[in-house]
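Novice: A structural model of the following input is requested.
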Amino acid sequence: MDKPVHDAKTRFSTRVADYVRYRPGYPAAVTEHLRDTIGLNAEWTIADVGAGTGISSKLFLDAGCEVIAVEPNAEMRAAATEWLQNSPRFHPIDGSAELTGLEKHSVHLIVCAQAFHWFDIAPARQEFQRILKPPGWVVLIWNDRDRNGSSFAEGYDSLLKQYGTDYQRVRHDRVPTERINEFFGGKMEEAGFPNQQQFDFEGLRGRLMSSSYAPLEGHVHHQPMMGKLRELYDQYQVDGRITFEYRTRVFRGRLS
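Specialist: This is a model prediction of the structure:
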């Protein structure tokens with residue numbers, strides 16, 4: 001996925017309500033890890049690039065940081081603003097990874113959570129170098145959903161492959177570790193932390209429909225997909241709940 005998806009900045013516009021309600025957050029262990037490894041502290045200004053609905057911004061606000069949420073999608077940016085507007089250290093702006101609109105050398109850290117795989121990487125790297133204060137830390141974060149740790153996980157992934165509009169093309173793990181390492185100039189470190197969500201059927205439906213590759217109502221594959229989802233839920237639910245297991249992967253490095 002060296003080339004960005006053509007609708008990367010707009011494809012979540014119709015998914016915002018489900019995204020807000022059903023996407024996973026990030027464990028506090030992430031910011032604790034960054035305190036220990038790169039010296040993250042409340043004096044830092046963070047550029048949360050591709051901030052979406054503010055899930056990652058909230059993580060760093062909770063750590064006491066100033067957060068500039070850079071997000072090109074108006075609907076997602078509005079959702080983040082509504083959620084976090086009472087935090088005086090939260091500043092949403094209209095911008096992209098390739099053109100943030102931020103001043104030169106104005107931020108201590110750039111965070112890209114569940115977003116890097118949508119970027120045009122070469123111009124984004126150039127823009128990141130421009131806005132970072134030395135030493136130029138960047139952190140990439142993904143919640144990596146377990147795809148084969150259980151029969152449900154395998155069945156859910158099979159559902160996405162069967163009915164998803166472009167699941168195989170746009171899923172974030174299509175960006176190989178080697179490509180991330182190249183972005184960091186060959187010097188990066190990775191850490192991982194367990195994460196989890198539990199859903200009733202309505203939550204499971206919302207989690208699926210928060211994904212940009214899930215066909216919307218009216219699409220020929222929507223009803224068959226929802227029927228299969230119901231079958232999976234009925235087969236594997238325990239006490240009315242389905243568990244999604246994740247590994248939150250954190251890549252950190254400097255842009256020299």
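
Novice: so where do the helices sit in the stretch 101-250 of the chain?
Specialist: 121-131, 151-163, 167-170, 177-183, 201-209, 222-236 (DSSP state H, counting those that start in this stretch).

Novice: roughly how far is the last one from the heart of the chain?
Specialist: Spelled out, it's helix 222-236. 25 Å (CA atoms, centre = their mean, to the nearest Å).

Novice: again with stretch 51-66
Specialist: For stretch 51-66, the distance to the chain centre is 12 Å (CA atoms, centre = their mean).

Novice: Please save the CA atoms from it in PDB.
Specialist: Coordinates of the C-alpha atoms in stretch 51-66 are reproduced here as PDB (Å, rounded to 0.1, in the frame of the first residue of the first chain):
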ATOM      1  CA  ALA A  51      -7.100  12.000  14.700                       C
ATOM      2  CA  GLY A  52     -10.500  10.800  13.500                       C
ATOM      3  CA  THR A  53     -13.100  11.000  16.200                       C
ATOM      4  CA  GLY A  54     -10.600  11.700  18.900                       C
ATOM      5  CA  ILE A  55     -10.000   8.300  20.500                       C
ATOM      6  CA  SER A  56      -6.200   8.700  20.400                       C
ATOM      7  CA  SER A  57      -6.400  12.400  21.300                       C
ATOM      8  CA  LYS A  58      -8.200  11.300  24.500                       C
ATOM      9  CA  LEU A  59      -5.400   9.000  25.400                       C
ATOM     10  CA  PHE A  60      -2.800  11.800  25.300                       C
ATOM     11  CA  LEU A  61      -5.100  14.300  27.000                       C
ATOM     12  CA  ASP A  62      -5.500  11.900  29.800                       C
ATOM     13  CA  ALA A  63      -1.700  11.900  30.100                       C
ATOM     14  CA  GLY A  64      -1.800  15.700  30.500                       C
ATOM     15  CA  CYS A  65      -0.500  16.700  27.100                       C
ATOM     16  CA  GLU A  66      -1.500  19.500  24.800                       C
END
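
Novice: Go through it and flag the buried ones.
Specialist: 51-61, 63, 65-66 (16 or more other CB atoms under 10 Å). The way it works is simple: take the backbone N, C-alpha and C, and place the C-beta from them, glycine included.

Novice: Which residues does stretch 216-229 contact?
Specialist: Applying CB atoms under 8 Å, 6 or more residues apart in numbering, the set of residues contacting stretch 216-229 from outside is T14, L159, Q162, Y163, T165, L204, R205, L208, M209, A214, P215.

Novice: what number of residues lie near the closest residue to F116 other than its chain neighbours?
Specialist: Nearest-residue entry for F116: L140, 4.9 Å, with adjacent residues in sequence omitted and distances by CB to CB, 6 or more residues apart in numbering. By the criterion of other CB atoms under 10 Å, L140 has 24 neighbours.

Novice: do R23 as well
Specialist: Other residues close to R23 by other CB under 10 Å number 18.

Novice: okay, among the contacts of stretch 216-229, which ones form the most distant pair?
Specialist: T14 and Q162 (21.5 Å; CB to CB).

Novice: and E103, what is it in contact with?
Specialist: I131 are the contacts of E103 under CB under 8 Å, 6+ apart.

Novice: nope, Q235 is what I meant
Specialist: Contacts of Q235 by CB under 8 Å, 6+ apart are F152, G155.

Novice: what's the answer for M209, then?
Specialist: R15, D18, L216.

Novice: Repeat that for F60.
Specialist: F60 touches T31, I46, D48, V67, V111, counting by CB under 8 Å, 6+ apart.

Novice: And for the nearest residue to Q129 once chain neighbours are set aside, the neighbour number?
Specialist: Distances taken as CB to CB, 6+ apart place L255 nearest to Q129, at 5.1 Å, with adjacent residues excluded. The burial count assigned to L255 is 18, neighbours taken as other CB under 10 Å.
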